[in-house]
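Asker: Have a look; sequence and predicted model below, questions after that.
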Amino acid sequence: MPVYKCFSCGKEISDKALKTRFSCPYCGCKIFFKPRKTVKRVKAV
């Protein structure tokens, strides 16, 4: 299940919560982003 973050307050919002209404339940903001996972880079020898 994808998890989004509110751009204004930074709280995590599940995909299920966004299906019913397209605004943050905490602050009412309508801008979201999907956080990327950090990839660890290994230097080749």
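Answerer: Received it, and whenever you're ready, just let me know what you need. Quick caveat, the model's predicted, so the values are computed rather than measured.
Asker: Quick one: classify A17 as helix, strand or coil.
Answerer: helix (DSSP: H, G, I helix; E, B strand; the rest coil).
Asker: Could you tell me how many residues sit around the closest residue to it other than its chain neighbours?
Answerer: Leaving aside its chain neighbours, A17 sits nearest to P25 (6.2 Å; criterion: Cβ to Cβ, 6 or more residues apart in numbering). From N, CA and C alone the C-beta is placed, and that goes for glycine too. The tally of other residues near P25 (other Cβ atoms under 10 Å) stands at 12.
Asker: roughly how far apart are P25 and K11?
Answerer: Between P25 and K11 the computed distance is 9 Å (Cβ to Cβ, to the nearest Å).
Asker: what does T38 give?
Answerer: Taken as Cβ to Cβ, the span from T38 to K11 is 20 Å.
Asker: Likewise for K34?
Answerer: According to Cβ to Cβ, K34 and K11 sit 14 Å apart.
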